[in-house]
Each structure stands twice: as structure tokens, then as C-alpha cells.
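Trainee: Attaching a predicted model along with its sequence, questions to come.
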Amino acid sequence: MSIRITAFGPGKIILLGEHGVVYGHPALAASISRGVRAWGEPSDVPQLELPEGLSDAHRDALERAFVRATKKAGHPNVSVHLESQLPLSMGLGSSGALAVAVSRVLLEAKHARPATPKQVEALAFEMEKEFHGTPSGVDHTTSARGTMIVFRKGQVREVTAKKPVKVLVALVGPRAGTKVTVGALRERQAQWPARYRRLFQEIGRLVGEGAKAAAAGDLPALGDVMNLNQGLLNALGLSSPRLEDMVFRLRATGALGAKLTGAGGDGGAVIGLFPEPEVALVRLRREGIDCFASQLAGPRAL
């Protein structure tokens, strides 16, 4: 390796599905414009320049993930640096985006050519195991594909949209770890399995309907499915007053549909589907809401 290598791993949002992927149901996910940028420079040994501001737990997990990835990649002689646009633990796939960006740098440094999506997904998955233990795979897969996908464990189908699909992402605030939310849901699901199975099956059907609506460019139908999905997520105990307040705030601002994205809980992120989110973005920022807009799929303006 004699030149600097740069790579980008986009973050992700879950348009429909969320925790259903853990139980084998599908999710509709898409990459967003913000993510993690990594660059590599020649080095005598593989090394990672850790970003500032990480907790001890995050630093330890990142170091373990990097060591694991370098072993799998064949110990490329590269020093990797990181720059993230994604907040941690907000349901925007920050660890998956980081894993994808780092994997791209390591693989290109080792083989002197850009890696294939399959290679990136395989190596990023190894890093995600250090971050999450038994990850569903939706985060790093969506980031590596860089598009909208229907994801089910072991199956990925890309969705091509006839019209632009744009969302506004509003950050509600810090939340408890994903393990807390997932653990509580798992306990309820174990106690009343038939009841919760019906809810997950209905969410799975909404994923199929939403993917068809996105592909056809039927944004009102996609928004309606998102609203129904949010109601079921609330029924599953995954929402909270803060998230619900933001959901209704986005709908009142003109969103065709709005729902939480990611693990849910007492904080995190809420997404709103808009034909054009710019007006709502300006208004919400004036009101002190930390938010941004992103196009998920469809034709882009030249």
C-alpha cells in the first residue's frame, strides 16, 4: 500500500419492520446520506486511530472489532482514521456504518483494489459481532448495499423506487441500550408467544405492502403503512411518550407517515416521510429540533 485509501459507510433507517427481524420477519431498510468516513494510510502494522469522546465501553468494543477484522483481512499494513456524522445509540446504524467503512479500507489495503459488496458485508459482520454479540445483520447489510432493501435473515432484496423517497430524521435524545429494550420485549414475547407472533406477522405484511408502495412511487400508501407500523410498535411496548410526541409533531408538520426507527425505547430517532422535507426541516430546526433530511431511494435531481 502506497497511497491513501478513503471509504464511506452510510448510516441506515428502518422504514418498516424493526424488531421483527430478530424473530425471522422482514424489514424495509434504507441507507441515509450521513455516515462514517474512514481513511487509511501506510503503516508498519495495522492500527486504528480512535475517535475522541468515546466511552470506555465503546473504545473497548471498537478495539476488539478492529483486531478481529484485521485478522480476518490478513493483517493489512494500514493505519485507519475515522470521522463520524452519526450519533451513537440513536438507531441510525452507527456501528454498522463504521464496520462497513473500516472493512472497505482494510480490504482495499490488503488486495490493492476495491472490495466487492459481498466481501465488505462478510468482514463488517465480523466487526458487528463484537459490537452486538448476535446482530441481526440489517445494519451493516443496508450500509454496504447503500440502497433500499427488504431484509430477512439470509435474504436481501433491493427495492427500486419510481419516485424519490425522502425522509426527515429527528433526534429525540439519548436512550437506554438496545439490550434493555430487546430484553423486555423478549420476556413479553416468551410469556404470550401466540399474541406477539400475530403482531410480528402483521408487521411483516406491512413491510411487503410498504415495499410495493415505495417501488410504485405511491408515497401516501407508504406513509399510511408507516403510521400503522408505529401503532403496532407502540403496542409491542417499543415506543415512549417522547417518541410519540415527535411522531405526532412530524405528522402535524406535513409528514405522510411518521414512526420511530431502530430499537425504540425512551429516546432515539423518529422518521417522517415527506414529498419534500425542506420546509419542515427549517421549521423544526427553528424550534430547536436536531434533525436532517435524506433521500432513501428513487431518481435524484441532476
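Mentor: Received, thanks.
Trainee: In the stretch 101-250 of the chain, mark out all the helices, start to finish.
Mentor: 117-132, 138-145, 178-191, 193-216, 219-235, 241-252 (DSSP state H, counting those that start in this stretch).
Trainee: okay, the fourth one in CSV with CA atoms only?
Mentor: It refers to helix 193-216. Below are the C-alpha coordinates for helix 193-216, written out as CSV (Å, rounded to 0.1, in the frame of the first residue of the first chain):
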residue,chain,number,x,y,z
PRO,A,193,-45.9,-16.1,22.2
ALA,A,194,-49.1,-16.5,20.1
ARG,A,195,-50.2,-13.0,20.8
TYR,A,196,-46.9,-11.4,19.9
ARG,A,197,-46.4,-13.7,16.9
ARG,A,198,-49.6,-12.3,15.4
LEU,A,199,-48.3,-8.7,15.9
PHE,A,200,-45.0,-9.6,14.2
GLN,A,201,-46.8,-11.3,11.4
GLU,A,202,-48.9,-8.2,10.8
ILE,A,203,-45.8,-6.0,10.7
GLY,A,204,-44.3,-8.4,8.2
ARG,A,205,-47.3,-8.0,6.0
LEU,A,206,-47.0,-4.2,6.3
VAL,A,207,-43.3,-4.5,5.2
GLY,A,208,-44.4,-6.2,2.0
GLU,A,209,-47.1,-3.6,1.3
GLY,A,210,-44.7,-0.8,2.1
ALA,A,211,-42.0,-2.1,-0.3
LYS,A,212,-44.6,-2.3,-3.1
ALA,A,213,-45.8,1.2,-2.4
ALA,A,214,-42.2,2.5,-2.4
ALA,A,215,-41.4,0.7,-5.7
ALA,A,216,-44.6,2.1,-7.3
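Trainee: about what we covered before: from the helices of the stretch 101-250 of the chain, which stretch is densest packed?
Mentor: helix 138-145 (a mean of 27; mean count of other Cβ atoms under 10 Å). In short, each C-beta sits where N, CA and C put it, glycine included.
Trainee: hmm, back to that, would you mind saying which of the helices of the stretch 101-250 of the chain lies nearest residue 59?
Mentor: Residue 59 sits nearest to helix 117-132 of all the helices of the stretch 101-250 of the chain, at 12.2 Å, using Cβ to Cβ.
Trainee: So which of the helices of the stretch 101-250 of the chain is nearest residue 55?
Mentor: Among those, the nearest to residue 55 by Cβ to Cβ is helix 117-132 (13.1 Å).
Trainee: Can you give the contact residues for the closest one?
Mentor: 9, 61, 64-66, 68-69, 72-73, 95-96, 98-100, 102-104, 106-107, 115, 135, 137, 139-141, 143-145, 178 (Cβ atoms under 8 Å, 6 or more residues apart in numbering).
Trainee: what mean pLDDT would you report for it?
Mentor: Mean pLDDT, helix 117-132: 94.
Trainee: Helix 178-191 and that helix, what's the angle between them?
Mentor: Orientation note: helix 117-132 sits at an angle of 90 degrees relative to helix 178-191 (axes from the mean of the first three to the mean of the last three Cα atoms, to 10 degrees).
Trainee: mind saving the C-alpha coords of helix 117-132 as PDB?
Mentor: Presented in PDB, the C-alpha positions along helix 117-132 are these (Å, rounded to 0.1, in the frame of the first residue of the first chain):
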ATOM      1  CA  PRO A 117     -20.100  -5.800  -1.600                       C
ATOM      2  CA  LYS A 118     -20.000  -9.400  -0.600                       C
ATOM      3  CA  GLN A 119     -16.500  -9.100   0.800                       C
ATOM      4  CA  VAL A 120     -17.400  -5.900   2.700                       C
ATOM      5  CA  GLU A 121     -20.600  -7.500   4.200                       C
ATOM      6  CA  ALA A 122     -18.700 -10.500   5.400                       C
ATOM      7  CA  LEU A 123     -15.900  -8.600   7.100                       C
ATOM      8  CA  ALA A 124     -18.300  -5.900   8.500                       C
ATOM      9  CA  PHE A 125     -20.400  -8.700  10.000                       C
ATOM     10  CA  GLU A 126     -17.400  -9.900  12.000                       C
ATOM     11  CA  MET A 127     -17.000  -6.400  13.400                       C
ATOM     12  CA  GLU A 128     -20.700  -6.200  14.300                       C
ATOM     13  CA  LYS A 129     -20.400  -9.400  16.300                       C
ATOM     14  CA  GLU A 130     -18.000  -7.600  18.700                       C
ATOM     15  CA  PHE A 131     -20.400  -4.600  18.900                       C
ATOM     16  CA  HIS A 132     -23.700  -6.600  19.400                       C
END
